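1. Requesting a structural model of the entry that follows:
(chains A and B)
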2 protein chains.
Amino acid sequence: MCFMEHVNVFHSLGKQGVRMTDLQAEVRPGAYYDSVVLMQLQKGLAALPGVVDAGVVMATDANKELLAAMGLLPEGIQAKADDLLIVVQGKNKKATQAALAQVNELLQQRRGGAVQTFRPKSLHTAVTQLPVGQLPSFQITLISVPGRYAANVAEDALNLGQHVFLYSDNVPLADEVRLKQIARAKGLLLMGPDCGTAVINGIGLGFANRVRRGRIGIVAASGTGLQAVSTEIHNLGGGISQAIGVGGRDLKEEVGGITTWQALDLLQRDAETAVIVLVSKPPADRVAATLLRAAQSGDKPVIVNFIGYAPPGRRLGNLFFTSGLVDAAEHAVRLSGEVVALREERRPLGGYLRGLFSGGTLAYEMLLGLQAVLTPLYSNIPIRPHQQLPDLMQSRAHTILDLGEDAFTQGRLHPMMDNDLRLRRLRQETADPDVDMIVLDVVLGEGAHPDPAAELAPAIAEAARADKRVVAIVVGTELDPQDLNSQIERLAAAGAHIFPNVSEALDYVYNRLPPPTRDFPPVSLAAFTGEGLTAVNVGLESFYESVIGQGGGAGNAQAVQVDWRPPAGGNEKLMAILAKMKQGNGQ
Amino acid sequence: MCFMEHVNVFHSLGKQGVRMTDLQAEVRPGAYYDSVVLMQLQKGLAALPGVVDAGVVMATDANKELLAAMGLLPEGIQAKADDLLIVVQGKNKKATQAALAQVNELLQQRRGGAVQTFRPKSLHTAVTQLPVGQLPSFQITLISVPGRYAANVAEDALNLGQHVFLYSDNVPLADEVRLKQIARAKGLLLMGPDCGTAVINGIGLGFANRVRRGRIGIVAASGTGLQAVSTEIHNLGGGISQAIGVGGRDLKEEVGGITTWQALDLLQRDAETAVIVLVSKPPADRVAATLLRAAQSGDKPVIVNFIGYAPPGRRLGNLFFTSGLVDAAEHAVRLSGEVVALREERRPLGGYLRGLFSGGTLAYEMLLGLQAVLTPLYSNIPIRPHQQLPDLMQSRAHTILDLGEDAFTQGRLHPMMDNDLRLRRLRQETADPDVDMIVLDVVLGEGAHPDPAAELAPAIAEAARADKRVVAIVVGTELDPQDLNSQIERLAAAGAHIFPNVSEALDYVYNRLPPPTRDFPPVSLAAFTGEGLTAVNVGLESFYESVIGQGGGAGNAQAVQVDWRPPAGGNEKLMAILAKMKQGNGQ
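-> Coordinates of the predicted model:
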């Protein structure tokens, strides 16, 4: 998502092969225009008779280079970075001059659409003069001013008690962290920066498809990700309760998923939301673990689509891991039509989990499933280097061991044939007071031990007596020589919880994850009434018009456009002085 | 999967708290015993009256350390690595001595079960004396001798025209590559090394669950992966045609998926196989690309479960990417019951694909989907570092561009509002003779351009006239202000292929992937009759007994146990001399 940094290269598609033309430029020092106006100026100029191409940019070095690459930079032009540069390429000198003479007129042309009469000059005026009581109670400030101004505007809005939709990009990461901490403490949502899309109380903000209202809530780090999922849900017959954008960096380590967690928490409490969809690029590991545990701690199904993230399973606890946005949408629609009661009575994991596997792939699948939610996690077959267990003879924190791995089987029968080593280790884990849960696999079939339950059951019973929960994954068929049912019965009688595959065992664990401790006040649900909103817009006018347009005759979407200008007219030096003065006064 | 390196630590579960005991050891220089026999010796000794614990190991340093850790290594023991070390811990001296006196008798005890009368001393004799014509025609040699001998035995078997099931581990990677190249050239399968499981013509080899016969073929790098999937398929009511293990390293860069590709190719030709399941840890990128393209080139659905691999989508062409083994099994069973006709008429991709996206997430999802199959692939939002496009103004090979990314939008309206830059780039790609396909997204909705089709359609028509295939992903709903249907109609009329999401666009591309060139002779289908097999077993006797046992009364599973001994009685020096002599003679 981009905001034009003051101005831009706008140029029409030049006709090929025209060489002998006249190129002239006009420089206007430091004026601020809405970038849509500038795009229209460029289009207007290019459409004039006798004009071949045109460019309208702020005269930064990068933009001058771009103009030059397009053959639109007259030689010897003197223009500084905060000057507006208007270039016209005409068929001849007369046409060029005629075009440049119309710049003022073109700049003054207003687009059609609603234009408010009340145009406050500051955010403060806009917010404080809102006729509260006559307007929808959900108040939000939309900000699309250039990035370097955006953090200040956002902070002002938060201090005025407004939720913020921050479209601007190029906001420094440190500012994002600071703003989100402020918002979190106040129980407000700061969506963004670089937030392209949201749908709040049925009103689309930024870029947003018009979608049916419904019972699916969305939390998304990306704009088109949110658009694609909400569109697909609509097209499949489903509908959206709230769709909350969080910005592309929210799930980074530095930000820690502040807004995502607030939004998840909000949607979990929202009675209108039955199913939650969470869309993002892969988050930082620690952020993922916190958010997945927070998502899992609620009662609603959460459909997780971390694009490009190896899913730890298909359905684990309340979490559904999907492969792609379409898959996520399909799941959401299917689940939102169902009465879902996934949760069972359970005691949260109160200590470490230790997995003692004979099957390498089963151990790997378990590790993959757990690494998303349990930390620290160690193994002798680490997926990531930091998971390497230093001493194989001694488990540490949560540990998954593949006892069929070379280090354990040098000169020893495979644990699928010989239970000795595993029985010794099982007793060792049983003796560890920090262990809560022990996971074993029991792989039946040709070639394997003729009666593993006979050897495992006494040791499992011992563990159960020591108040360990033992999970046994029994892989086998009723045709196998060991008698599947008898194996299961004896393992269960010894106290093991029996599952037929890793996926269901993981599900058992996910349903027992201890939730993370929420250390922030909840965002108030009161204004998420589904009855529209009131937006204060600072920046691109098209966003203001879009909100007004969505209100239709019903008047449930109100907006105020702030007649915002950059401080000190955009003069960088003056701005720095003003900022220092403000800081001096404020402290 | 492990083979015991000659011998082992076998020790019973010592009773706790017994301190005052008698520990004695016996050393037997360089004798070779089947490791199951040694496990039984250890169990036999430990079960004798007055015995507390016992250990039977080859006296390697590692094994002596293990014994010491268990308190089972008498001080001052002199034993070399190829000596057998027998340790008994008795309640008193008398019990210990009585136990050690029974070692010879325990070693001579045979286990129950079938014992053949014909016990050839060499693999060559075993294979050449098989009464061909009376036996099932699928001939395979099972090898479970220690790793350092295994490559030689496998090479002998291949030279005798046998398929090979190579259970042994610790086979050097270079030997694996060499053996697989030999096998491939001969049209034979070398399953392994470290191959735990296969089911051929209904007979389980190594560790294998007994499963229903059916129409699902499995190719798996891992033993328990194959067991878990085949078990789940059986338990869901499905059945297995053939299940081929390839060994854990087959999909590594060095091996290049030789056996996997042979197996895929075989199952694609096998009339009894309707659906193929491919299970592995994530393969090397280049190997994945070749195998996925090979899998995609057939007419059968291939269910891919690369554990821990970020799936490029859910269903793409013939390929189904699943999240976990259960998900894979469910898909396989569902599809094997359907008449699947997925393929459509199509012209394979004959040049480069260029994606020009306005939506970052859509671009990312496309990149993720393509990176599994198209190479080289470049982008300005690379998922992997080597995908970084060096010059953003110039596409290279296959390229996916996010035109909404900062580098393109510094001081410019977002491409969702302003099509100018994308139109210029579209014309640039159209002019490139190496380009076959151009992919665009068209994101409708609030805030976006009011009529993107008006600007895009002429440029798309231009591309179509230049024989480029244009794919347009149109994200929108019928409620959106742009009129979804009109947008689609005009884009389609201009020649674009329209899809509602990235997933379906990827599916279109996958269906047009050029298949890789198969550069090896196909494995003959003739012996894959479903009518059992004839196995020559070298190594663990339990595998021989398992095959015989599966023959039941029907006699469709025949096996011959080779009375194999290591060359030179396992004497390393002598072996090296013999190997040199053999080499000298052979060349």
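2. Quickly find the element holding A:Leu423.
-> helix A:420-430 (DSSP states H and E).
3. go on, A:Val326?
-> helix A:325-336.
4. which residue sits farthest out from the middle of chain A?
-> If you look at how far each residue of chain A sits from its centre, by CA atoms, centre = their mean, the farthest one is A:Lys94, at 53.4 Å.
5. ok, residues contacting the helix holding A:Val326?
-> With contacts defined as CB atoms under 8 Å, 6 or more residues apart in numbering or on different chains, helix A:325-336 is touched by A:214-216, A:225, A:228-229, A:232-233, A:236-239, A:274-275, A:277, A:279, A:301, A:303-305, A:307, A:320, A:322, B:314, B:361, B:365, B:501-504. Bear in mind the C-beta positions are built from the backbone N, C-alpha and C, glycine included.
6. Among the residues you listed, which ones are in strands?
-> Counting by DSSP state E, these place A:214-216, A:275, A:277, A:279, A:303-305, A:320 in strands.
7. Identify, from these, the entry nearest to chain B.
-> A:Val279 (7.7 Å; CB to the nearest CB).
8. coming back round to it: please identify the buried residues of the helix holding A:Leu423?
-> A:420-423, A:425-426, A:429-430 (16 or more other CB atoms under 10 Å in any protein chain shown).
9. Using the record's domain definitions, break chain A down for me.
-> A:22-108, A:135-342, A:352-510 (automatic domain parsing).
10. Deepest-packed of those domains, please.
-> Ranked by mean neighbour count, those are led by domain A:135-342 with a mean of 23 (mean count of other CB atoms under 10 Å in any protein chain shown).
11. Spit out the contact partners of the nearest residue to A:Ala496 once chain neighbours are set aside.
-> Leaving aside its sequence neighbours, A:Ala496 sits nearest to A:Ala472 (CB to CB, 6 or more residues apart in numbering or on different chains; 4.1 Å). For A:Ala472, the contacting residues are A:439-442, A:456, A:460, A:491, A:496-499, by CB under 8 Å, 6+ apart.
12. ok, back up a step: CA atoms only for the next helix or strand after the helix holding A:Val326, dumped as PDB, please.
-> Next in sequence after helix A:325-336, counting helices and strands by DSSP H and E, comes strand A:352-357. This file holds the C-alpha atoms of strand A:352-357, laid out as PDB (Å, rounded to 0.1, in the frame of the first residue of the first chain):
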ATOM      1  CA  TYR A 352       6.300 -30.400  30.100                       C
ATOM      2  CA  LEU A 353       5.400 -32.700  27.300                       C
ATOM      3  CA  ARG A 354       7.800 -35.500  26.400                       C
ATOM      4  CA  GLY A 355       7.400 -37.500  23.300                       C
ATOM      5  CA  LEU A 356       9.100 -40.900  23.000                       C
ATOM      6  CA  PHE A 357       8.600 -42.100  19.400                       C
END
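13. got a list of contacts for strand A:352-357?
-> A:363, A:366-367, A:370, A:374, A:395, A:397-404, A:422, A:425-426, A:429, A:432, A:434-441, A:509.
14. tell me the angle of that strand relative to helix A:420-430?
-> 170 degrees (axes from the mean of the first three to the mean of the last three CA atoms, to 10 degrees).
15. Now find how far off-centre strand A:352-357 is within its chain.
-> 32 Å (CA atoms, centre = their mean, to the nearest Å).
16. I'd like the mean pLDDT over that strand, please.
-> Across strand A:352-357, the average pLDDT comes to 97.
17. Same check on stretch A:384-394?
-> Regarding stretch A:384-394, the rounded mean pLDDT is 91.
18. what sits up against it?
-> Residues outside stretch A:384-394 that contact it (CB under 8 Å, 6+ apart) are A:367, A:371, A:377-380, A:382, A:395-396, A:399, A:401, A:407-408, B:69.
19. ok, back up a step: and the ones in strands among the contacts of helix A:325-336, which two are the farthest apart?
-> A:Gly214 and A:Val304 (19.4 Å; CB to CB).
20. can you tell me which of the contacts of strand A:352-357 are in strands?
-> A:398-402, A:435-441.
21. Of the residues you listed, which ones also sit close to chain B?
-> Contacts with chain B are made by A:Asp441 out of the ones in strands among the contacts of strand A:352-357, judged by CB under 8 Å from any CB of the partner chain.
22. Using CSV, please lay out the ones in strands among the contacts of strand A:352-357 together with pLDDT.
-> Formatted as CSV, the ones in strands among the contacts of strand A:352-357 follow (pLDDT from 0 to 100):
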residue, pLDDT
A:His398, 97
A:Thr399, 98
A:Ile400, 97
A:Leu401, 96
A:Asp402, 93
A:Val435, 98
A:Asp436, 97
A:Met437, 97
A:Ile438, 98
A:Val439, 98
A:Leu440, 97
A:Asp441, 94
